[in-house]
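**Q** heads up, no residue letters with this:
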């Protein structure tokens, strides 16, 4: 099986595939055609020497993937015709922002969305478990037990969040495109020709999936935070927030290792994430696979098959 650094993301009515230097976005338009757009990856952080080092490169990749992800989702909505359906007269506030920031408004909104997403994730998945775990402190034998309870609460909240999202009818097509993305990458890595028939035969699960990454973040955080013990809820909150980038960096290295190995140990480590993908991916139809193939070929045209 060939190895590739190409990864992807499901978007609105389409798929994005990304290589080392550029990405290709393929979206099904309202007319039924597939529009493919290519752009260079804006890896500003990754160019710095510090962020080429293990763990630190994971921190950079996490932030950059969030920024790129928001950009392509907004763009896919435009290409899919969703903005045309809801287009209306700008409000006074929107006109004020346009007059104030002009062409820079879109970038400002993207970075604002990324900041809100990060803050929300930290609040729900890192700070909330601290408060819930503290409720059990009177009956726990020590801070070591408190760390375990907090970690278990964090994983439960994450799994509940994923389960609730998977029940939303609006997200079903996105999850189908997610499955198409994985099937296409698996087909390419197996050496099969990229056709709808060949792609359809492959599994919709993949070890380098973002879902697996997030689950590993939850597990790694449980291990890391176990060694940061204190009875002070304030110090626990501060330590969790400051260690989030470190946890993300370690998790990136684990995913990178898992994606480049088929050892028995890797298969065991990858199993929980693959099981979770049964919720975050759905079986795609042929038209969705066509989008994923178009995105993959868009990257391969410029970056080859490495």
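**A** Cool, the structure landed. Please read these numbers as outputs of a predicted model, since none were measured by experiment.

**Q** quick one: the strands in the stretch 1-150 of the chain?
**A** For the stretch 1-150 of the chain, applying DSSP state E, counting those that start in this stretch gives strands covering 7-11, 14-18, 22-28, 34-40.

**Q** can you redo those as a markdown table with mean pLDDT and mean neighbour count?
**A** In short, each C-beta sits where N, CA and C put it, glycine included. Compiled in a markdown table, the strands of the stretch 1-150 of the chain are given as follows (pLDDT from 0 to 100; neighbours: other CB atoms under 10 Å):
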| stretch | mean pLDDT | mean neighbour count |
| --- | --- | --- |
| strand 7-11 | 94 | 25 |
| strand 14-18 | 96 | 28 |
| strand 22-28 | 95 | 24 |
| strand 34-40 | 94 | 15 |
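
**Q** do I have it right that residue 294 meets residue 26?
**A** Yes - counting by CB atoms under 8 Å, residue 26 is a contact partner of residue 294 at 4.0 Å.

**Q** between these two, what contacts are shared?
**A** By CB atoms under 8 Å, 6 or more residues apart in numbering, residue 294 and residue 26 have these common neighbours: 34, 36.

**Q** related to what we said a few turns ago, can I get the strands of the stretch 1-150 of the chain in a markdown table including distance to residue 138?
**A** Output for the strands of the stretch 1-150 of the chain, formatted as a markdown table (distance: least, CB to CB, whole Å):
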| stretch | distance to residue 138 |
| --- | --- |
| strand 7-11 | 44 |
| strand 14-18 | 49 |
| strand 22-28 | 51 |
| strand 34-40 | 54 |
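
**Q** for residue 292, see how far away residue 112 is.
**A** With distances taken as CB to CB, to the nearest Å, residue 112 is found 30 Å from residue 292.

**Q** next one: residue 303
**A** 17 Å.

**Q** higher neighbour count, these two?
**A** Taking other CB atoms under 10 Å, residue 303 and residue 292 do not tie; residue 292 has more neighbours (30 against 19).

**Q** can you pull out the helices in this protein?
**A** Taking DSSP state H as the criterion, the chain carries its helices at 56-79, 82-85, 92-101, 105-122, 128-134, 143-166, 172-190, 196-200, 210-226, 233-259, 264-280, 286-303.

**Q** confidence score at the closest residue to residue 5 other than its chain neighbours?
**A** Nearest residue to residue 5 in three dimensions, chain neighbours excluded: residue 20, at 5.8 Å (CB to CB, 6 or more residues apart in numbering). With respect to pLDDT, residue 20 scores 86.

**Q** next, give phi and psi for residue 20.
**A** phi -70, psi -40 (degrees, to the nearest 10).

**Q** is it true that it touches residue 4?
**A** No - counting by CB under 8 Å, residue 20 stays clear of residue 4, with 10.2 Å between them.

**Q** so which of these two has more stuff around it?
**A** residue 4 (19 against 13).

**Q** so which of the strands of the stretch 1-150 of the chain comes closest to residue 220?
**A** strand 7-11 (19.6 Å; CB to CB).

**Q** who does that closest one touch, helix- and strand-wise?
**A** strand 14-18, helix 56-79, helix 172-190, helix 286-303 (3 or more CB pairs under 8 Å, 6 or more residues apart in numbering; DSSP states H and E).
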